[in-house]
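In: sequence and computational prediction follow.
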Amino acid sequence: MDRFSRRSVLTKILPASLIAIVLPAYANSETQRGKTPPREVVDDQPHMQSALDSLRNAKRELDQATSDKGGHRAKAIDLVKEAIAEVKAGIEAAR
C-alpha cells in the first residue's frame, strides 16, 4: 500500500490547501523562487510556515511515488504546487 493514500491526501494536503485558498494574493518574485525568508519573517507566521513545510514534504513524497496512478499522482503534484504558491502568497499578504 502506498505511503501516500487518498485519506492522507484529504487529511493533510486538503486543509492546508483550503487555508491557502482563503488568502488570495501573489507572492513577490523572490519568494516564488523558493528562497528561505529571514528567521524573523518565518517566526511571524508559524502556522503558515508549518503548512508550507507540510506541503513541501507532501510534494517530495508524491515525487517519489511510483507510477502515475491513472493521472491522479500528477494532478496531486500540480495541486500541491498551487497550494505552495498560495501559502507563500498568504504569508506575503499578511506582511
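Out: On my side now, so go ahead. Numbers count the residues shown, from 1 in each chain.

In: where in the protein is pLDDT low?
Out: Across the chain, the ranges flagged by pLDDT under 70 are 1-43.

In: please redo it, this time with the cut-off set to 90
Out: Scanning the chain for pLDDT under 90 picks out the ranges 1-45, 66-69, 92-95.

In: so where's the longest helix in it?
Out: In the chain, with assignment by DSSP state H, the single longest helix is helix 72-93.

In: put the alpha carbons of that one into PDB.
Out: C-alpha atoms of helix 72-93 as PDB (Å, rounded to 0.1, in the frame of the first residue of the first chain):
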ATOM      1  CA  HIS A  72      -4.100  11.200 -10.000                       C
ATOM      2  CA  ARG A  73      -0.500  11.500  -8.800                       C
ATOM      3  CA  ALA A  74       0.400  14.100 -11.500                       C
ATOM      4  CA  LYS A  75      -2.800  16.100 -10.600                       C
ATOM      5  CA  ALA A  76      -2.000  15.900  -6.900                       C
ATOM      6  CA  ILE A  77       1.600  17.200  -7.600                       C
ATOM      7  CA  ASP A  78       0.100  20.100  -9.600                       C
ATOM      8  CA  LEU A  79      -2.400  20.900  -6.800                       C
ATOM      9  CA  VAL A  80       0.300  20.800  -4.200                       C
ATOM     10  CA  LYS A  81       2.400  23.200  -6.200                       C
ATOM     11  CA  GLU A  82      -0.600  25.500  -6.400                       C
ATOM     12  CA  ALA A  83      -1.100  25.200  -2.700                       C
ATOM     13  CA  ILE A  84       2.500  26.000  -2.000                       C
ATOM     14  CA  ALA A  85       2.300  29.200  -4.100                       C
ATOM     15  CA  GLU A  86      -0.900  30.200  -2.300                       C
ATOM     16  CA  VAL A  87       0.500  29.700   1.100                       C
ATOM     17  CA  LYS A  88       3.600  31.800   0.100                       C
ATOM     18  CA  ALA A  89       1.200  34.500  -1.200                       C
ATOM     19  CA  GLY A  90      -0.800  34.400   2.000                       C
ATOM     20  CA  ILE A  91       2.400  34.900   4.100                       C
ATOM     21  CA  GLU A  92       3.300  37.900   1.900                       C
ATOM     22  CA  ALA A  93      -0.200  39.400   2.100                       C
END
